[in-house]
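*Asks:* model the following, please.
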Amino acid sequence: MTEKEKALTKLRLEINKDIDLAIFMAKSCGILELRFFLYYVRIIRLKTLSALTEEKTEKVSSLYFNAVEDSMKYIISLIAKHGIQNDITPTKNKIPELKLQLVQELLKHINYINSKYEIESTILLYKIEVSGERNQNLKVDLSCLDSDPQIKILLNYFLRIDYDNDLRKRAQFNGNELFDIFKDEYLPVSDLFEKELGISVDEFCWLFNELIKQFLDKMRLVDSKFEKLANGDIDIQSKKTHNFLSNCFIHNEQEILNHFDSKFTPILKRLMFIPENFDERQLRFHKVTRQPLIKFGKNLIISPELILDSLFLNTHYSLLESQETKQEYISKKSTQFLDLIVATANKFGYTETEREKDLYEGKKQIGDIDIILKNDFGEYIFVEAKNHALPMDVFFKNSEETKKHLEYLQKEWEKKVLKRVDHLKTEYKTYSLPKEHTYIVVSKYPEIISHYSDILILSLHEFEVWLKDFKSDRTFNEFHKNYYESKEDWLSEKDIVDLQDANLILGRYEKK
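*Replies:* Numbers count the residues shown, from 1 in each chain. From the prediction side, this is the model:
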C-alpha cells in the first residue's frame, strides 16, 4: 500500500467514525436545537455577525461564514432525520431549554468533518508521509510547488475554481431581485417548466414568495419584542430575540396547505424533506437545498434562506433529471448561454454579427463558430461556447480525476477545436470572414485545459475580465499571470490560526 493509499484509507475511516458520532449527537437534538441552526443561518445571511468577527479580516470572515453555513445546513438535515422525529413535547411542569453546549460541540464537530474531507484533495495533490500508530500522523510536503510545475498548475486551477465559486456565493440578492433573475432564466423554457412542475414560472415564484411571506408575517407580529442594542439595532445574541424569532420558522402544515390552491399541493409535497432520502455520508450536497420544507409532527418548518437557496438548483435539476424535458432543456440552456456571452460582450462595444456558422471540409461538416463578435474598430472575436458543468470530482478538486478530465478534453474536444482554428487560418475567405480575428473558448466554469492549450480558454467571468482589462493577452498563461498572480488574497499566519481555532483548517504549517 502506497503512502497516499494509507493516508486515504485512514482518512475515510476517520470521517466515517466522525459521521457516526455526529448522528449520535443529532439524536439528542430536538426542535429547539434545530431552530438554533435555522436562526444562525438567517443571521449569517443577513450579515449581522460583523460584530462577532471584527478582529478577523474580510477574507477570513468570508471563508468562515461560508464554511459554517455549509456545516449548519448539514446539521439541519441531520437533526431533521435523527432528532426532531423523536422529539417529545415537554409537559407543563418542564420548560424546554436549548442544549447550548450540545449545539456548540456539534457545530465544531461538523466543521472538523468538513475540514477532514477537504484534506483528501491535499493528499492526492502533494507528496505525503504517513507515520505513527495506526497511521495517525500525516506530513504534507509543499516544496514540490517549486520543483513540480504540474502540481503548481493543478493548484492554480483549483484556486480558480474556488475563486469562481466565491464570486457566485458573493452575488447575493434580495428575494425580489432573485425572482426577477429566475424569471429571466426560466421564462424562455416555460413550456418545459410547466410540463415538469405543473405550474407556470410566475406561479412558482408567487408560491415561493408567499411561503417566505408566511414567515415574515409571523415575525412582524413579534418584532417589537426583540431586544435592542444602545444604537437601536436588534441584539442578535439576546436569548429573548432568539426565542421569538426562531419560533417564526414553525407553522401548522395543514394551515399552510389550506392557504394555497390545491394545484400547488404536489409542489409543496415535492419540497418537503424526506428523512430516509438523506444520506449522511454524502457531504457534497445539501438535501435541504432540494427539499427545504421540514415536517415536524403536524408542523412545517419554513426557512426563507433554505427556500431561496432551493430556487435555482431545485428547478435546474428537476428539468435536467426528467426524461421528458432533459434534452430540450439542455438545448435551450445552451442558447441562453450564447445570449449571456453576447450580453457580456455588448458591455465592451462588441455586437453579434452571426451565430452558429457551419464550417466544412469539402462536404464534411467539422463544426461551427458559435458566435461571431465585432466592434466599431473592425476587431473580430470568434467564440466557441462550452456550456458544461464540471464533473463533481473535478469541482471538489480531486487531482486524479482532474488529470483524467484533462486527458478526455485533449483527446475528445480540443482536437476538434484546433481543427476548426487551423481551417479558418486558410479558408476564412470561403466564409467571407476576416483573416485577423481572435478565436477563444468561453466556458461556464473554469477548465483545467486552459493551462495547457494554445487556444485562449476562459470562464464566463474571466471572459468579462479579459474584455475589460486584458484584451491584449493572447494566451491563457499571459492572462493568468496578469490577472490571478497580481491578486493579494493569501492568508496571513493570524488568518490561518483563526480558521484553525474554528476547526476549519487541520494541521500546522511549518518551515523546514
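*Asks:* from the chain's centroid, how far away is stretch 241-256?
*Replies:* Its chain's C-alpha centre and that of stretch 241-256 lie 28 Å apart, by C-alpha atoms, centre = their mean, to the nearest Å.
*Asks:* using CSV, write down the CA coordinates of that stretch.
*Replies:* Backbone C-alpha positions of stretch 241-256 (Å, rounded to 0.1, in the frame of the first residue of the first chain) are rendered in CSV as follows:
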residue,chain,number,x,y,z
THR,A,241,-34.6,37.8,20.5
HIS,A,242,-33.6,34.3,19.6
ASN,A,243,-36.7,32.7,21.1
PHE,A,244,-39.2,35.0,19.5
LEU,A,245,-37.6,35.0,16.0
SER,A,246,-36.8,31.3,15.8
ASN,A,247,-40.3,30.4,16.7
CYS,A,248,-41.4,32.1,13.4
PHE,A,249,-39.9,29.2,11.5
ILE,A,250,-42.7,26.9,12.7
HIS,A,251,-46.1,26.7,11.0
ASN,A,252,-49.1,24.4,11.0
GLU,A,253,-48.7,22.1,8.0
GLN,A,254,-52.4,21.8,7.3
GLU,A,255,-52.9,25.6,7.5
ILE,A,256,-50.1,26.1,5.0
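*Asks:* which strand or helix spans the most centrally placed residue in the chain?
*Replies:* Among the residues of the chain, the smallest C-alpha distance to the mean C-alpha position (C-alpha atoms, centre = their mean) belongs to residue 165, namely 6.0 Å. Using DSSP states H and E, residue 165 sits within helix 149-170.
*Asks:* so what does that helix touch, helix or strand wise?
*Replies:* When contacts are defined as 3 or more C-beta pairs under 8 Å, 6 or more residues apart in numbering; DSSP states H and E, helix 149-170 sits against helix 58-82, helix 100-125, helix 144-147, helix 399-408. C-betas here are computed from N, CA, C, even on glycine.
*Asks:* can you point out the buried residues in the third one?
*Replies:* Buried positions in helix 144-147, judged by neighbour count with 16 or more other C-beta atoms under 10 Å: residue 144.
*Asks:* just the CA trace of that helix, in CSV.
*Replies:* Taking Å, rounded to 0.1, in the frame of the first residue of the first chain, the C-alpha atoms of helix 144-147 are listed here in CSV:
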residue,chain,number,x,y,z
CYS,A,144,7.0,20.3,-4.7
LEU,A,145,5.2,23.5,-5.7
ASP,A,146,8.6,24.9,-6.7
SER,A,147,10.0,21.7,-8.2
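*Asks:* isn't residue 241 right up against residue 229?
*Replies:* No - taking contact to mean C-beta atoms under 8 Å, the distance of 10.3 Å between residue 241 and residue 229 leaves them out of contact.
*Asks:* quick one: common contacting residues for the two?
*Replies:* The overlap between the contact sets of residue 241 and residue 229 (C-beta atoms under 8 Å, 6 or more residues apart in numbering) consists of residue 235.
*Asks:* of those two, who's got more company?
*Replies:* Set side by side, residue 241 and residue 229 show unequal neighbour counts under other C-beta atoms under 10 Å, the larger going to residue 241 at 19 against 12.
*Asks:* distance between the helix or strand encompassing the more buried one and the chain's centre?
*Replies:* Under the criterion DSSP H and E, the helix or strand holding residue 241 is helix 239-246. Distance of helix 239-246 from the chain centroid (C-alpha atoms, centre = their mean) equals 30 Å.
*Asks:* by contact count, what packs against it?
*Replies:* In terms of contacts (3+ C-beta pairs under 8 Å, 6+ apart), helix 239-246 is packed against helix 31-45.
*Asks:* measure how the helix it packs on sits relative to helix 58-82, angle-wise.
*Replies:* In this structure, helix 31-45 runs at an angle of 150 degrees to helix 58-82, with axes from the mean of the first three to the mean of the last three C-alpha atoms, to 10 degrees as the basis.
*Asks:* so where's the stretch 101-250 of the chain uncertain?
*Replies:* Low-confidence segments of the stretch 101-250 of the chain, defined by pLDDT under 70, are located at 170-175.
*Asks:* try it again at 90.
*Replies:* Residues of the stretch 101-250 of the chain meeting the criterion pLDDT under 90: 112, 114-152, 155, 159, 162-178, 223-225, 227-239.
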